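1. Sequence and predicted model, in that order:
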Amino acid sequence: MTSVLWFRRDLRLHDHPALRAAIDAGPVAPLFVLDPVLVRGRWSSPNRTAFLLASLRDLDAALRARGARLHLRIGRPAEEVPRFAIEIGAGAVFVSRDYSPYARRRDAAVARALEAHGIGFHARRGTLVHEPEEVRGAAGQPLTVFTPFHRAWSALPLRAPFPAPARIPAADHPDPGAIPSPADLGLPPPVEALPAAGEPAARARLQRFLAGPVCAYAETRDRLDLAGTSRLSQDLHLGLLSPLEVVTAARAAPCESAKFVSEVAWREFYHHVLWHHPRVLREPFQQAFAAIPWRRDQAAFEAWTAGRTGYPLVDAAMRELAATGYMHNRARMVAASFLAKDLLLDWRLGETHFMRHLVDGDVANNDGGWQWAASVGTDAQPYFRIFNPVLQAKKFDPEGSYLRRWLPELRRVPVRYVHEPWTMPPSVQAEAGCIIGRDYPAPIVDHRAAREQALAVFEAAREAATPKAGR
DNA sequence: TTTTGAGTTGTTCGA
DNA sequence: GTCGAACAACTCAAA
């Protein structure tokens, strides 16, 4: 039986259960559908699309080396997938499961359309290590606190990863369709320094990380001035790497890798939370905080996006994002906390801004991270944990090298002032060529006062949602 | 059922 | 400068 392998966020040949199932069924027609909703939607990103398109070119090359080729269609999947399957005479469509609310609606529509023509739709694992149905508490319930989730997740056995197939029996369509460039799609050019795309580049990053950096990961992952993180987020997002293979390889690393594996578990946790609670894309997981009166302040939001808040770590982070489509994880937390707590702006504004820029932008992880930073997520109640952007900078970038890298205005500012440049005496400002208010902004809010206000606002929301006496 | 233990990533304050 | 306690008593998970 001829089948279609519809690639989505599983752009690899290694450890690909859906691909294996398709090959076992007979000739395979690999397909990718460029969905306008994902290319031009509210949460789309030219950076991410460019990385996707480059990865597709790579996937096509890898398929050709094995006797097949990638077919590309542009349009709505509910129309394009059935049309393609019918044209090629396929009896089934295989996919790797996808978990976002949009993906669920899309896949349900595609499956319905296929069914009308007697074509099967088969979703296999491959996007996560363990499926949402598999990670459960003692009473069989979905878990919403990370630690019990992590325990249950870690206790599940790992299957052996599948090797990449040596050959793929091809079912070719006479019109393969060309992989467009971003310009062909009318998209603005992406940032210059995109990571190398495609499965081989991702596998090389994984090997390099596991050969050494993973051993220091627990100590260096938070350091803004060191390259201590894995930099695999975009690869996991697009499925250039199988998370199962990543975890299997990490556990076999020559040193302690549990901290890194637990970060992969965070990715799974947020995917599972989104699967069980799709409403989190619209509202806080903790409904008590749905009523927080977020401020409307366009100027403050624009200062944040432009990296001109006057707090160097926040500004460096936002400029790193604009310049590279990437932001260090620690910087994401500080920048997000600043938007939600110091500026009291709706975390969903920041969530959208991140999605529009991040090469690794992932609905589940981004939403989970933002809700955590805004203290409205699955965490029980640490709303009084408000990052101090100055302390965070001193702690994780002691010499200010990350700050200076992204804030040229501060390059000549002495270390003792670089974390809080507004404390520079005028003579030092003149000498450093950095006049506060002219070359670099004064803080747009006073952190101490903003913190007090945020505490009061969150406290009030919590009070309002709590019934007074004894339920 | 009720109770008990515990919770990614912090900050501030006062000794 | 360092260190422990307080933050505020909440929710979830499991015994």
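-> That came in fine, so what should we check first?
2. Is A:L72 in a helix, a strand, or coil?
-> What DSSP: H, G, I helix; E, B strand; the rest coil gives for A:L72 is strand.
3. Tell me how many other residues crowd it.
-> A:L72: 21 surrounding residues under other CB atoms under 10 Å. (Glycine included, C-beta is placed from N, CA and C.)
4. and chain A, which residues reach DNA strand B?
-> Residues of chain A found near DNA strand B (CB under 7 Å from any atom of the strand) are A:145-147, A:222, A:263, A:266, A:329-330, A:333, A:369, A:372, A:379-382, A:384-388, A:391-392, A:395, A:447-448, A:451.
5. Can you tell me which of these are buried?
-> Buried by 16 or more other CB atoms under 10 Å: A:146, A:222, A:263, A:266, A:330, A:333, A:369, A:372, A:379, A:386-388, A:392, A:447, A:451, out of the residues of chain A next to DNA strand B.
6. Looking at those, which gets the smallest pLDDT?
-> Of all those, A:D379 carries the smallest pLDDT score, 75.
7. what helix or strand does the closest residue to that one other than its chain neighbours sit in?
-> Nearest residue to A:D379, sequence neighbours excluded (CB to CB, 6 or more residues apart in numbering): A:W372, at 6.1 Å. Mapping A:W372 onto the secondary structure by DSSP states H and E places it in helix A:363-373.
8. close to DNA strand C, is that helix?
-> No. Helix A:363-373 lies out of reach of DNA strand C by CB under 7 Å from any atom of the strand, never closer than 13.7 Å.
9. So which elements touch that helix?
-> Helix A:363-373 is packed against helix A:258-276, helix A:329-337, helix A:347-357, with contacts defined by 3 or more CB pairs under 8 Å, 6 or more residues apart in numbering; DSSP states H and E.
10. List of residues touching the longest one?
-> Going back to what we said before, that points to helix A:258-276. Helix A:258-276 is contacted from outside by A:99-101, A:127-130, A:132, A:135, A:142-144, A:146, A:149-150, A:153-154, A:214, A:217-218, A:221, A:230, A:236, A:243, A:246-247, A:250-251, A:280-281, A:285, A:362-365, A:367-369, A:378, using CB atoms under 8 Å, 6 or more residues apart in numbering.
11. That helix near DNA strand C at all?
-> No. For helix A:258-276, no contact with DNA strand C is found by CB under 7 Å from any atom of the strand; the gap never falls below 9.8 Å.
12. Heading C-terminal from that helix, find the next helix or strand.
-> Sequence order places helix A:298-306 as the next helix or strand after helix A:258-276, per DSSP H and E.
13. got the contact list for the helix or strand just after that following helix?
-> Using DSSP H and E, the helix or strand that follows helix A:298-306 in sequence is helix A:312-324. Helix A:312-324 has contacts (CB under 8 Å, 6+ apart) with A:191, A:193, A:224, A:304-309, A:326-328, A:331-332, A:334-335, A:338, A:354, A:357-358, A:389-390, A:392-393, A:397, A:400, A:402-403, A:405-407, A:410, A:418-421.
14. Now find how far off-centre helix A:312-324 is within its chain.
-> Mean-position distance between helix A:312-324 and its chain equals 17 Å (CA atoms, centre = their mean, to the nearest Å).
15. Equivalent analysis for stretch A:313-333, please.
-> How far stretch A:313-333 lies from its chain's middle: 14 Å, per CA atoms, centre = their mean.
16. Point out where the stretch 51-200 of chain A drops to low pLDDT.
-> By pLDDT under 70, the stretch 51-200 of chain A contains no weakly predicted segment.
17. helix or strand for the residue in it positioned nearest to DNA strand B, which one?
-> In the stretch 51-200 of chain A, the residue that lies nearest DNA strand B is A:T147 (3.1 Å; CB to the nearest atom of the strand). Using DSSP H and E, the element containing A:T147 is helix A:146-155.
18. quick one: buried residues of that helix?
-> For helix A:146-155, the neighbour count (16+ other CB under 10 Å) marks A:146, A:149-150, A:152-153 as buried.
19. Could you do stretch A:89-104 as well?
-> For stretch A:89-104, by 16+ other CB under 10 Å, it's A:90, A:92-100, A:102-103.
20. okay, those residues in CSV with secondary structure next?
-> Output for these, formatted as CSV (three-state DSSP):
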residue, secondary structure
A:A90, coil
A:A92, strand
A:V93, strand
A:F94, strand
A:V95, strand
A:S96, strand
A:R97, coil
A:D98, coil
A:Y99, coil
A:S100, coil
A:Y102, helix
A:A103, helix
